[in-house]
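Q: Generate a structure from the sequence data that follows.
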Amino acid sequence: MTFGLNSPHVVQEDVDNEVIIVHLVTGSYYSLTGSGAEIWSLILQGHDNTAVIERIAGGASADHQHVATEIERFLGELQAEGLIVPTQDNLRSIAQPDSTPSGHFVSPSLQKYSDMQELLLVDPIHEVETTGWPKVLTNH
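A: Next up is the predicted model:
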């Protein structure tokens with residue numbers, strides 16, 4: 001299955017190897033840790049979950065089944081939070097990684113924060129129309 005960003009409700013930014021995600025409808029924001037940033041990048045590039053698992057498992061010194069289980073759990077968590085949605089995009093294959101493991105697998109983790117919900121939900125960006133913000137009134 002292929003997933004994509006739940007746009008326009010979700011925005012994201014990669015800052016110093018950390019992915020920050022904001023859900024504009026709920027006002028929650030998230031941080032990805034462990035292998036989460038790499039998985040997130042592969043998802044946004046249009047790779048299906050099988051290809052993501054093969055890429056991460058092939059480059060890690062961990063049991064393939066453990067990696068697959070953790071990635072499936074993580075994808076379910078992202079989907080349950082409304083950050084990603086299934087897409088009908090064409091599946092993209094990923095070249096097989098080097099046979100030498102690139103490092104120790106660290107399970108992906110989604111850190112959720114809701115301490116700024118009120119501020120994010122009253123932000124005027126939510127009321128932007130196609131004409132932009134601020135809306136300039138003209139006298140007729």
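Q: can we go C-alpha only for contacts and neighbour counts from here?
A: Fine.
Q: The most centrally placed residue in the chain and E54, how far apart?
A: With distances taken as Cα atoms, centre = their mean, W40 lies nearest the centre of the chain, 4.4 Å away. As judged by Cα to Cα, to the nearest Å, W40 and E54 stand 14 Å apart.
Q: Please apply the same query to A37.
A: Counting by Cα to Cα, the separation of A37 from E54 is 16 Å.
Q: How about the secondary structure of the residue nearest to the centre of the chain?
A: Assigned with DSSP: H, G, I helix; E, B strand; the rest coil, W40 falls in the helix class.
Q: So for it, what's the pLDDT?
A: If you check W40, the pLDDT there is 96.
Q: just P8 next, same as before
A: Per-residue confidence (pLDDT) for P8: 92.
Q: So it belongs to a helix, correct?
A: No - per three-state DSSP, P8 lies outside any helix segment and is coil.
Q: what's the burial count for it?
A: Residues lying near P8 (other Cα atoms under 10 Å) number 9.
Q: tell me the SS of the nearest residue to V11 once chain neighbours are set aside?
A: The spatially closest residue to V11, leaving aside those adjacent along the chain, is V22, at 5.4 Å (Cα to Cα, 6 or more residues apart in numbering). Look at V22: counting by three-state DSSP, its state is strand.
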